[in-house]
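> the amino acid sequence is not available; the structure is as follows:
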């Protein structure tokens, strides 16, 4: 499994591939935009929810901010992350544009969503019959939709809701038979302690 601990420069447009055994629970977070290395404090309720869910992997949809955000998430579970358009150079240089996750008979594609007119347009273009779930960010808009046989999933942002009524993160349950994404929306991070897992 790829990890943010062994940072290396990656080529633009690079796609990485990882495999995760099933069944799996995957935490999803994106657009955190944290630059000061204060993720443990600012995201403590999210970290707690991921721990309670016993996630096997965490996906970050880009615009993490400092690499320290990803390192802090790795204390919970391995992290697969992509670069976003607002990441600092150090983060841009360490992460690929896409990660393809093979989990059992299911395929999940992770991308940021900034390489098109809109995030949803970019996601729709990347959807294909080989991709069961496409996870993306960029817009800060929590969303679940479908393009053909591909589920499109944007968790939103836990730190910057912008014009949206809710902050968001996600959980994905994967078995050989299905992939089941779940949006977790909130207006106050303290409410995450009340989410039943």
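On my side now, so go ahead. Note that the structure is predicted; figures quoted are calculated from it, not measured.

> in which helix or strand would I find the nearest residue to residue 58 once chain neighbours are set aside?
Take residue 58 and drop its neighbours on the chain: the residue closest to it by C-beta to C-beta, 6 or more residues apart in numbering is residue 27, 4.4 Å away. All C-beta atoms are positioned from the backbone trio N, CA, C, and that covers glycine. Secondary structure from DSSP states H and E places residue 27 in strand 24-29.

> and for residue 182?
Using DSSP H and E, residue 182 sits within strand 179-186.

> could you say what helices and strands that strand packs with?
strand 133-135, strand 150-154, strand 167-174 (3 or more C-beta pairs under 8 Å, 6 or more residues apart in numbering; DSSP states H and E).

> give me that answer again for 6 Å
On a contact count with 3 or more C-beta pairs under 6 Å, 6 or more residues apart in numbering; DSSP states H and E, strand 179-186 meets strand 167-174.

> the residue nearest to residue 58 contacts residue 55, doesn't it?
Yes: at 4.0 Å, residue 27 counts as touching residue 55 under the criterion of C-beta atoms under 6 Å.

> more neighbours, those two?
For residue 27 and residue 55, the more surrounded residue by other C-beta atoms under 10 Å is residue 27, and the numbers stand at 27 against 21.

> now do the same for the more buried one: its pLDDT.
As predicted, residue 27 sits at a pLDDT of 99.

> same thing with residue 89?
Turning to residue 89, the model gives it a pLDDT of 92.

> in the chain, where is pLDDT below threshold?
1-13 (pLDDT under 70).
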